[in-house]
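1. The following block contains a protein sequence and its predicted model.
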Amino acid sequence: MQDQERFWSKIEKKSNVNGCRNWIGGTLPNGYGSFYYNKRDHTAHRIAYHFAYNVPLDQLKIVQHLCNNRLCCEPTHLRNGSQKENLQYMSECGRSLIGTRNPISKLTDEIIIWINTIY
């Protein structure tokens, strides 16, 4: 079986209500799909972008999920961009761990407001 055929066989044939076609193969602990290709493991969405748009893997930067779904391998939901663009998009979508959403945060929003009033 060819690499592309093996890869696409591990993705849902029909998209879900959000248009995502999810990876149904093995996953990494962080929730991303994992695919063995060219003698090493890659995240599945990177390989989806590579195969769909014929971009060499060494020319890919950060392949971003525009749908915010780690398992999605629908090429139209993926974008090749910089780490800065990825972090900016993550923040715009409300996925960054700032303030009390950070599990190691020591201050609550109320304490910060109180601190700002006294200084």
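-> Received the coordinates, thanks.
2. shouldn't Arg95 be in contact with Asn69?
-> No - counting by Cβ atoms under 8 Å, Arg95 stays clear of Asn69, with 11.5 Å between them. Every residue, glycine included, has its C-beta placed from N, CA and C.
3. Please say which of those two ends up with more neighbours.
-> Asn69 (19 against 11; other Cβ atoms under 10 Å).
4. wait, is that one part of a strand?
-> No - secondary structure of Asn69 (DSSP: H, G, I helix; E, B strand; the rest coil): coil, not part of a strand.
5. Could you list which residues are in contact with it?
-> Applying Cβ atoms under 8 Å, 6 or more residues apart in numbering to Asn69 gives the contacts Asn18, Cys20, Asn22, His77.
6. Give the helix, strand or coil label for the first one.
-> The one in question is Asn18. coil.
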